[in-house]
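Student: what follows is a protein structure lacking sequence information:
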């Protein structure tokens, strides 16, 4: 019954979107943009910069230089994250940055297919086989922030990806219990301090022995993902990877 209602709602949502948004790019307003592409036109889609090698085998941070063989960045060598690997679809830039901002803060749900497409690219770049994972766990929002936004963008993105990769989205196990200040303007060290006690696993029986993919919209320092992964490991997760739509890049 739940799947029937979900399919019914998605069908009506598509019809409502088509009525509210003419099939025109909602970013440049200069070319067609179809609902199936999140109302992002071809030229604006082409602005997306994929994450290509060389990049850190652990956190996925792109490197500016020429590197041969397996590369692990200095930050991951100095302080290894609690996840085994992280992959992102594209760099956080241009249309992608604007699309994520509108999606998170303005509830621009019409752009979701565009973002899910890049999340799928991240999933396909994981070094492990796609059928070796047990579930996806969205990075949770604190209840207060979720009430303000009215949805959790990581959860919706995970559900969008789940429709094509046949993985269960588990939303009951991991919770955010501290409404820490925004991470945007914090240094790497401040981000880690900010998140030390922010997450807990409320239902470890859902996680124990499972291979988990953490889902979020953006990976910056990796602090949020690492602290989520730490709690999942403490609860007995067999392995944790991270997939995000986009990745920031340092100048190092």
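Tutor: Looks like it came in fine. Keep in mind the model is a prediction, meaning the values are calculated, not measured. Numbering: from 1, shown residues only.
Student: okay, buried residues for stretch 79-88 please.
Tutor: Neighbour counts over stretch 79-88 (16 or more other CB atoms under 10 Å) mark 81-88 as buried. C-beta: built from backbone N, CA, C; applies to glycine.
Student: and the residue nearest to the spatial centre of the chain, bridged to which residues?
Tutor: Computing the C-alpha centroid of the chain and ranking residues by CA atoms, centre = their mean puts residue 216 first, at 2.5 Å. Using DSSP bridges, the beta-bridge partners of residue 216 come out as residue 244.
Student: re the thing from before, between which two of the buried residues of stretch 79-88 is the distance greatest?
Tutor: Among the buried residues of stretch 79-88, the pair separated by the greatest distance (CB to CB) is 82 and 88, at 17.7 Å.
Student: in strands only, show me the buried residues of stretch 79-88.
Tutor: Among those, the members found in strands (DSSP state E) are 85-88.
Student: all helices of the chain, in order?
Tutor: Secondary structure of the chain (DSSP state H): helices located at 2-20, 42-46, 74-78, 94-105, 112-124, 143-149, 153-165, 188-194, 223-234.
Student: state the mean pLDDT of the fifth one.
Tutor: In this model, helix 112-124 has an average pLDDT of 97.
Student: distance between it and the chain's centre?
Tutor: Centroid separation between helix 112-124 and its chain, computed with CA atoms, centre = their mean, to the nearest Å, is 9 Å.
Student: contacts for that helix?
Tutor: Around helix 112-124, the neighbours that count as contacts under CB atoms under 8 Å, 6 or more residues apart in numbering are 35-40, 45, 48, 50-51, 87-90, 96, 99-100, 103, 130, 156-157, 160-161, 164-165, 213, 215, 217, 243-246.
Student: redo that, cut-off 7 Å
Tutor: 36-38, 40, 48, 50, 87-90, 96, 99-100, 103, 130, 156-157, 160-161, 164-165, 243-246 (CB atoms under 7 Å, 6 or more residues apart in numbering).
Student: tilt between it and helix 94-105?
Tutor: 110 degrees (axes from the mean of the first three to the mean of the last three CA atoms, to 10 degrees).
Student: measure residue 162 to residue 171 for me?
Tutor: 11 Å (CB to CB, to the nearest Å).
Student: neighbours of the closest residue to residue 202 other than its chain neighbours, how many?
Tutor: Closest residue in space to residue 202, ignoring its immediate chain neighbours: residue 175 at 5.2 Å, by CB to CB, 6 or more residues apart in numbering. For residue 175, the neighbour count with other CB atoms under 10 Å is 17.
Student: quick one: contacts for residue 175?
Tutor: Each residue near residue 175 by CB under 7 Å, 6+ apart is listed here: 140, 199-200, 202.
Student: can you redo the residues you listed as JSON lines with distance to residue 179?
Tutor: What follows is these, written out as JSON lines (distance: CB to CB, whole Å):
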{"residue": "140", "distance to residue 179": "11"}
{"residue": "199", "distance to residue 179": "12"}
{"residue": "200", "distance to residue 179": "14"}
{"residue": "202", "distance to residue 179": "17"}
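Student: list buried residues within these.
Tutor: For the contacts of residue 175, buried by 16+ other CB under 10 Å: 140, 199-200.
Student: which one among the residues you listed gets closest to residue 61?
Tutor: Lowest distance from residue 61 to the buried ones among the contacts of residue 175 (CB to CB) belongs to residue 199, with 22.2 Å.
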